[in-house]
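Asker: return atomic coordinates for the entry below.
(chains A and B)
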Amino acid sequence: MLNYVKGLLDFSAFRPEPDDPEASWKSRFPGKSTVLLNIGRSSLSFSVIDAKGKIKFSDRRRGELRDLFVDFLPVVKENASDGWCAVSLDTRYVISIETNLSRKKGSELALKKDPRSVLHGRYERGKTYAVTHNPETNSSLLLSYDSEFISKTEFTLKERGLKLGRLVCGTYVLMRHALSEVNVNKGTQNPVSALFVAVCSGSVCALLQEKDNWVEIRSRPDVFFDDVQPMLDLLAPFAERLPDGAGIVLACDEPVPELPEKLAGIFPGHELNNLTEEGLLVRLLYNG
Amino acid sequence: MLLDSRRIDDFKTERKDGMPQLPAIYRLVPILFYLSLLFVTVVGSSALWHSRTASDRYQAVVLQTDQLKKKIETSKAARSELQKSIVEARDLEKCVLASMPLQSLVVGIVRSMEQGSNIVDLSIVRDPETPSQLKLAMTLSGENDKQIEKTLEKIQELNYREFSPTQSKVKGNLEYRASLLWRKPGSKTPTPAERSAQIVEP
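Answerer: Reported below is the predicted structural model:
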């Protein structure tokens, strides 16, 4: 009761709760600094976000997650207001292209609550899903996570005194951003052909789009840390299938040294549209 | 192809007991609360200030009242002293008046006598209780009936007023008795005789 009165008097009752996933990050934590954690299979990074949504400082290390948590925890706790942080899980996910998924009204919500009713035979027990439909075709991008891994991550953070405000797949968020930045015309009048590459904390997702059709996807978590060669090997097969005149759209959470040049080497004659910027994922999460 | 760029798929386990955001109109509640606090503070401060000012004024008035009461007491004492002096002065005046010589009165009475009229007996006695009053007893003989009136006119010219006059005939003589009261010249106070004359009989 006292909390309700306090919330009423300091106007926090009129703002979305920090736990509310429907509200944007900046409306949930106005004037407060928070932390974004990128969790990979064997890497952990954090970015301290100031009250204006800018990165104050960040760090990324490779090693055992348990040890890395111990190292980072004091800094994270010190900078996360009341312990609130966002998490980008960049491991143990699968992004695939599916066709003929239900697009009924409320199906996206149903996918979270009861995925079997939407996916039917493609549903796997113990998985959590998110979907992005291609509005021009019957294909969809389907992201699936291991539910147990999500629960385990939530428990681990809670155990360490951190509060989870948002849990996303950074690669998937960046891929959606790249798609929405390039596909800006409604309808099929000006179809777009491009190779979309999303990179987040060593995870890579590449989607080939031919005239608005999503043709092929190659997605793999924990591909690289410092050396980008494994990522280039993953992308190399697209060189043969990429249509003439199609561009490369690159969206990385942080600039990767020499990556644009190396991509130009693999895909000669294809224009590179580099959407990468410092703290891109942070900006998307902060405003989204 | 258009995609919603702002949508972010969140995998966080949703809390069941989350409180919905209150409607914006409800912001009036805390706003009115803070306004009422401000109002109470302003009015309270003003009332406190006025109370202190009124208290100071009251103290000043009480002090002034005390000073005025003291002044009144002093004035009363001075007035009492003055009244005592007045009484003493009046007594002195009466004493002075009482000691006024009767020679002029006796001479006036004697000179008022006309030919054929005689003073058989004349006594003027001063009342010890009221020295301003004189008891006149006069016995006249003669054939002139107007003599007494002339004598009384003369007495009045000397600023004496008679009251309680009585006159009688004894063996052919006229006996006249009255009390005389000297009246200061210019005084408008009527004598007892004038006062009784003003009373109209029904």
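Asker: and the nearest residue to residue A:133 once chain neighbours are set aside, which of the three is it?
Answerer: Leaving aside its chain neighbours, residue A:133 sits nearest to residue A:140 (4.7 Å; criterion: Cβ to Cβ, 6 or more residues apart in numbering or on different chains). Every C-beta, even on glycine, is put in place using the N, C-alpha and C of the backbone. Three-state call for residue A:140 (DSSP: H, G, I helix; E, B strand; the rest coil): strand.
Asker: just the strands in the chain please.
Answerer: Answering for chain A, as no chain was given. Listed in chain order, the strands of chain A (DSSP state E) span A:34-39, A:43-49, A:55-62, A:84-89, A:93-99, A:127-133, A:139-146, A:163-168, A:194-200, A:203-210, A:213-220, A:247-252, A:272-274.
Asker: that's the wrong chain, I meant chain B
Answerer: According to DSSP E, the strands that chain B contains are B:117-126, B:133-142, B:160-170, B:173-182.
Asker: want to throw those into TSV with distance to chain A and mean neighbour count?
Answerer: Formatted as TSV, these follow (distance: least, Cβ to the nearest Cβ, whole Å; neighbours: other Cβ atoms under 10 Å in any protein chain shown):
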stretch	distance to chain A	mean neighbour count
strand B:117-126	104	14
strand B:133-142	99	18
strand B:160-170	99	13
strand B:173-182	98	18
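Asker: can I get those in JSON lines with distance to residue A:98?
Answerer: Compiled in JSON lines, the strands of chain B are given as follows (distance: least, Cβ to Cβ, whole Å):
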{"stretch": "strand B:117-126", "distance to residue A:98": "152"}
{"stretch": "strand B:133-142", "distance to residue A:98": "147"}
{"stretch": "strand B:160-170", "distance to residue A:98": "146"}
{"stretch": "strand B:173-182", "distance to residue A:98": "146"}
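Asker: what's the closest of these to residue B:56?
Answerer: strand B:173-182 (63.0 Å; Cβ to Cβ).
Asker: centre of the chain to the closest one, how far?
Answerer: Strand B:173-182 has its C-alpha centroid displaced from the chain centroid by 40 Å (Cα atoms, centre = their mean, to the nearest Å).
Asker: check which helices and strands that strand sits against.
Answerer: Identification of packing neighbours for strand B:173-182 by 3 or more Cβ pairs under 8 Å, 6 or more residues apart in numbering or on different chains; DSSP states H and E yields strand B:133-142, helix B:147-157, strand B:160-170.
Asker: same for the first one, what does it pack against?
Answerer: Contacts of strand B:133-142 with other secondary structure elements, assessed using 3+ Cβ pairs under 8 Å, 6+ apart, are made with strand B:117-126, helix B:147-157, strand B:160-170, strand B:173-182.
Asker: what pairs with the last one, and is each one parallel or antiparallel?
Answerer: Strand B:173-182 pairs in its sheet with strand B:133-142 (antiparallel), strand B:160-170 (antiparallel), by DSSP bridges.
Asker: how about the residues of chain B by chain A?
Answerer: Residues of chain B that fall close to chain A, judged by Cβ under 8 Å from any Cβ of the partner chain: B:1-15, B:18-19, B:21-22, B:24, B:26-27, B:29-30, B:33.
Asker: narrow these to those in helices?
Answerer: The members of the residues of chain B next to chain A that map onto helices under DSSP state H are B:29-30, B:33.
Asker: now the residues you listed in JSON lines, with neighbour count and distance to residue A:280?
Answerer: As requested, these are exported to JSON lines (neighbours: other Cβ atoms under 10 Å in any protein chain shown; distance: Cβ to Cβ, whole Å):
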{"residue": "B:29", "neighbour count": "13", "distance to residue A:280": "41"}
{"residue": "B:30", "neighbour count": "17", "distance to residue A:280": "38"}
{"residue": "B:33", "neighbour count": "12", "distance to residue A:280": "43"}
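Asker: out of those residues, the closest to residue A:200 would be?
Answerer: residue B:30 (41.6 Å).
Asker: follow-up on the earlier one: so which of the helices and strands packed on strand B:133-142 comes closest to residue A:34?
Answerer: strand B:173-182 (119.5 Å).
Asker: separation between residue B:162 and residue B:124?
Answerer: 12 Å (Cβ to Cβ, to the nearest Å).
Asker: who touches both of these two?
Answerer: Between them, residue B:162 and residue B:124 share these contacting residues under Cβ atoms under 8 Å, 6 or more residues apart in numbering or on different chains: B:136, B:180.
Asker: partners of residue A:195 in the sheet?
Answerer: Per DSSP bridges, the residues bridged to residue A:195 are residue A:208, residue A:248.
Asker: just confirm it contacts residue A:242, I think it does.
Answerer: Yes. Residue A:195 lies in contact with residue A:242 (Cβ atoms under 8 Å); the separation is 5.6 Å.
Asker: got any residues that touch both of those two?
Answerer: Counting by Cβ under 8 Å, 6+ apart, the contacts common to residue A:195 and residue A:242 are A:208, A:267, A:270.
Asker: now residue A:84: how far from chain B?
Answerer: Note on residue A:84: its distance to chain B, by Cβ to the nearest Cβ, to the nearest Å, is 12 Å.
Asker: oh, that last question was meant for residue A:193, not what I typed.
Answerer: From residue A:193 over to chain B the distance is 12 Å, taken as Cβ to the nearest Cβ.
Asker: let me know the pLDDT of the spatially closest residue to that residue that is not a sequence neighbour.
Answerer: Closest residue in space to residue A:193, ignoring its immediate chain neighbours: residue A:246 at 3.9 Å, by Cβ to Cβ, 6+ apart. We have a pLDDT of 90 for residue A:246.
Asker: check residue A:49 too.
Answerer: 91.
Asker: show me what contacts it?
Answerer: Applying Cβ under 8 Å, 6+ apart, the residues contacting residue A:49 are A:33-36, A:55-56, A:282, A:286.
Asker: cool, and residue A:43?
Answerer: Per Cβ under 8 Å, 6+ apart, neighbours of residue A:43: A:60-63, A:68, A:201-202, A:222, A:225.
Asker: tally of neighbours for residue A:79?
Answerer: 18 (other Cβ atoms under 10 Å in any protein chain shown).
Asker: just residue A:171 next, same as before
Answerer: 28.
Asker: any idea how far it lies from residue A:95?
Answerer: Counting by Cβ to Cβ, the gap from residue A:171 to residue A:95 is 7 Å.
Asker: joint contacts of these two?
Answerer: Listed as contacting both residue A:171 and residue A:95 by Cβ under 8 Å, 6+ apart are A:205, A:219.
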